[in-house]
Every structure is written in structure tokens, then in C-alpha cells.
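Q: Quick one, structure for this:
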Amino acid sequence: MSSVLAAIAGRSRDTRNYENALRMLGVPCITTLDPQEAERATHLLLPGGGDIAPIFFGQSDHGSRTVDAELDILQFQILSLFMAQKKPVLGICKGLQLINVHLGGTIRQHIATAALHEQKEGDRRHRVYHCGLDRGDFFYQLYGTGASVNSAHHQAIDSLGRDLVPVCRAADSVIEGVAHRTLPVIAVQWHPERIMDEGGGALLYYFTRPASVW
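A: Below you'll find the predicted structure:
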């Protein structure tokens, strides 16, 4: 995959798992919050992390945790560049929510079923189920009708952003994966970088295909 260079939009102290996962696949990567540096890359990975500042989706704070508005702004800027250039983007956990908010969607700041999803002495495990009408979407191609995933979140998509289609949900109807209708943009609410041998590696491999085959 010498033609592929992935940019991880984050701070290196927080992104080691993502860097290691990409290197396991032989994919070179850079970790940066500099939009100009990130723009050199062919692919963008938006990592997990704290919650998005609610002001970015028109709400006051009522349950968000470890908010970092400066980080959000830089991640939104980098995402905007990649989407404008139609480069592949993968959102993971917070990354899914960033994509949704960037496209005008909103977030439920604390879901009623958070105990089934949020991290407690390690990731939660649960199944997610294909919910799209198109069996050509990335989730069905990789996992068929369902998959076991790891979970570490207490928020979820509320209203969907423009041109996003849900491709899988948990049993409580929380959206766990989305795809853009026309752009090479996909996202999941779980952490594939932490379950490389249990389906996570397949998703990251799919994402890091050359842009020409998307």
C-alpha cells in the first residue's frame, strides 16, 4: 500500500493504538492537527476521544464529558478539506460523531442505555446488526448481517447529518455505523483498532484501499 498515506487527526499522545493498528497492516501514517500537513495524506482517520463541544451542534452542555473545543475545531477543519477533495475518511467513535455534526446532524449527549455501551473495566461487547437497504455497503460487505463489536461510548447520533445512511445498529437501536451516500466516507461507533483479530483489521484494511478503488 505504498501509494497510501493515512493522516490521523489527533494528538500523538492519544493515538498510539491507531498508529500501531495501521502499521500492522503496513500502512504508513502521520498524526497531526495541522490541516496543511494532514492534506498531504491520501486517507483521513478521525479517532475516538472525548465528547464534541455541544455548541457545535447547537446545544448547551447537559452530559458531555472531556470536551476540547480547540481539538474539535482542528478536526472539523481537516475533515472539511478531505471531504472537499473526496478523499477516503474513516471515523471511529468520536470520529463518527464529528462526521455527523459536520454534516448538520446532532448528538444525544447521554443515551438512556449508556450502561450497555460505555467503558467499564474495559470495553463493552455487544452485537450490531445490518440495517441498510443496500447490501453493497461496507458493513454488509465485511460482516454480513451482524457482528460482535467493542463499545466505549455514552453518546450517540440523534439526528443524522446530510447524506449519511445508517448501515448498522445495536439492539437498542443506537446507530453504530454510517456511510455517506456519494463520498468515500464511512464511520463506526466502536473501536476496530482494539479488535484487529476480531473484525477490526478487516475494516481498517477496507478503509486503506487506494482511493481509486473506492
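Q: What sits closest to Gln189 if chain neighbours are left out?
A: Nearest residue to Gln189 in three dimensions, chain neighbours excluded: Glu176, at 4.4 Å (C-beta to C-beta, 6 or more residues apart in numbering). Every C-beta, even on glycine, is put in place using the N, C-alpha and C of the backbone.
Q: need the helices for this structure, in chain order.
A: Secondary structure of the chain (DSSP state H): helices located at 16-24, 35-38, 69-84, 94-102, 138-143, 200-207.
Q: The third one packs against which elements?
A: When contacts are defined as 3 or more C-beta pairs under 8 Å, 6 or more residues apart in numbering; DSSP states H and E, helix 69-84 packs onto strand 6-9, helix 35-38, strand 43-46, strand 89-92, helix 94-102.
Q: Name the spans of this protein whose pLDDT lies under the cut-off.
A: Across the chain, residues meeting the criterion (pLDDT under 70) sit at 1-2.
Q: Contact partners for Arg11?
A: Arg11 is in contact with Thr31, Leu33, Leu71, counting by C-beta atoms under 8 Å, 6 or more residues apart in numbering.
Q: ok, so of those, who is nearest Ile92?
A: Distance to Ile92 across the contacts of Arg11 (C-beta to C-beta) is lowest for Thr31, with 13.8 Å.
Q: Now do the same contact list for that closest one.
A: Thr31 makes contacts with Ala7, Ile8, Gly10, Arg11, Ser12, Thr15, Tyr18, Glu19, as judged by C-beta under 8 Å, 6+ apart.
Q: My read is that the first one contacts Pro28, right?
A: Pointing back at Ala7 there. No. Using C-beta atoms under 8 Å, Ala7 makes no contact with Pro28, being 10.4 Å away.
Q: More neighbours: those two, which one.
A: Neighbours per residue (other C-beta atoms under 10 Å) separate Ala7 from Pro28, with Ala7 holding more: 27 against 14.
Q: if I look at the more buried one, how far off is Thr208?
A: 12 Å (C-beta to C-beta, to the nearest Å).
Q: try Met196
A: According to C-beta to C-beta, Met196 stands 13 Å off from Thr208.
Q: Looking at the two, which has the bigger crowd around it?
A: Using other C-beta under 10 Å as the criterion, Met196 and Thr208 rank with Thr208 on top: 23 against 18.
Q: Alright, that wraps it up for me.
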